[in-house]
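>>> what follows is a predicted protein model with its sequence.
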Amino acid sequence: SCAQPQSVQHYTFQLSKMERWNGRVAVVTGASSGIGAAIAKELAQAGLVTVGLARRVERVGALRDQIPKQFSANLHAIKCDVSKEEDIGRVFQEIVDKFGGIDVLINNAGIVRDSMRLLSEDSQGTQPLRDILDTNVLGLTLCSRKACNSMRDRSVDGHIIHINSIAGHRVLNFPHMNMYSASKFAVTALTETMRNELREMKSKVKVTSISPGVVKTEIIDAMDNHKDFPMLEPMDIADAVLYVLGTPAHVQVHELTIKPVGEDF
């Protein structure tokens, strides 16, 4: 008989480690494009009931056409703006009511505001700064709280994964990254804070921060000065999510940093 290609063997091995998540519920924020879309598609193909949240909800629904038909029913789309607390409360309750609970949360939603300096007045006032913090910090925190409550209510071994950034570990000297970097440093601190809280609760829930370098997404495509940088693909981050989810129950990957070969940062 013919041996399977190496890529197929690798994918089959990854999915075998994901068997314990089969049929369980994953929520992915910011699932309409880029990293979030790649993660949502991979989780659906790994057998999880996957709920993609986004403001552009029609784009999440369109992802079903990009995965094999036998998995397309696993992917669900719900409109949600994670910068709004009322949206988070309503949508997470809808997910619990419809699917019975949340087992995996991927906090991927994040924004950056181009050319936003901290010490200069801006025609938009402080709103761009608030938008970044409301989405990248408060939204992540509130989504984590709702998901954790669902996991604890059912005493399940859930997993919360934050899509962080290398900008959450090193301040990059780019004007448009000023508040973004501060927000991602907050995610690094929140990951450790959540781990401590879960440990004090004697919870089986894991929390992981995945910090990519430059990833080819719509945000990067809009920045002319970044187009020649070495870049990761969204699928590289989706693979990392499958890796951390596939670890044994007693293993917690606390921080995973991923960079493209040749990156300067």
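Right, received. Where do you want to start?
>>> which phi and psi does L75 have?
phi -100, psi 120 (degrees, to the nearest 10).
>>> now it, nearest residue through space, not along the chain?
A44 (4.2 Å; CB to CB, 6 or more residues apart in numbering). For the C-beta atoms, the positions are set from N, CA and C on the backbone; glycine is no exception.
>>> just checking, what packs against the strand or helix carrying the one you found?
Using DSSP states H and E, A44 sits within helix 34-45. When contacts are defined as 3 or more CB pairs under 8 Å, 6 or more residues apart in numbering; DSSP states H and E, helix 34-45 packs onto strand 25-29, strand 49-54, helix 57-62, helix 69-72, strand 75-79, strand 104-107, strand 159-163, helix 234-245.
>>> mind checking the ones you listed for the one nearest to I35?
Nearest to I35 among the helices and strands packed on helix 34-45 is helix 234-245 (4.7 Å), distances taken as CB to CB.
>>> what is the mean pLDDT for the closest one?
Averaging pLDDT along helix 234-245 gives 98.
>>> same question, stretch 142-159
98.
>>> cool, stretch 105-119 as well?
Stretch 105-119 carries an average pLDDT of 86.
>>> let's see it as PDB, backbone CA atoms only.
Only the C-alpha atoms of stretch 105-119 are listed here, as PDB (Å, rounded to 0.1, in the frame of the first residue of the first chain):
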ATOM      1  CA  LEU A 105     -12.300  30.300  24.000                       C
ATOM      2  CA  ILE A 106      -9.900  31.900  21.500                       C
ATOM      3  CA  ASN A 107      -9.600  35.600  22.300                       C
ATOM      4  CA  ASN A 108      -8.400  36.700  18.900                       C
ATOM      5  CA  ALA A 109     -10.200  40.000  18.400                       C
ATOM      6  CA  GLY A 110      -7.800  42.900  18.400                       C
ATOM      7  CA  ILE A 111      -7.500  46.300  16.700                       C
ATOM      8  CA  VAL A 112      -4.700  48.800  16.000                       C
ATOM      9  CA  ARG A 113      -5.200  52.500  15.100                       C
ATOM     10  CA  ASP A 114      -2.700  53.700  12.500                       C
ATOM     11  CA  SER A 115      -0.600  56.900  13.300                       C
ATOM     12  CA  MET A 116      -2.000  57.200  16.800                       C
ATOM     13  CA  ARG A 117       0.500  59.000  19.000                       C
ATOM     14  CA  LEU A 118       0.000  59.200  22.800                       C
ATOM     15  CA  LEU A 119       1.400  62.600  23.500                       C
END
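>>> pull out the buried residues from that stretch.
105-113, 116 (16 or more other CB atoms under 10 Å).
>>> cool, and stretch 40-57?
40-55, 57.
>>> pLDDT weak spots in the stretch 151-265 of the chain?
218-227 (pLDDT under 70).
>>> where's L256, which helix or strand?
With DSSP H and E as the test, L256 turns up in strand 255-258.
>>> hang on, G52 packs against K79?
No. Judged on CB atoms under 8 Å, G52 makes no contact with K79 at a distance of 10.2 Å.
>>> skip ahead from the helix ranked longest in the chain and say which helix or strand is next.
With secondary structure taken from DSSP state H, the chain has its longest helix at helix 178-200. Using DSSP H and E, the next helix or strand after helix 178-200 towards the C-terminus is strand 206-212.
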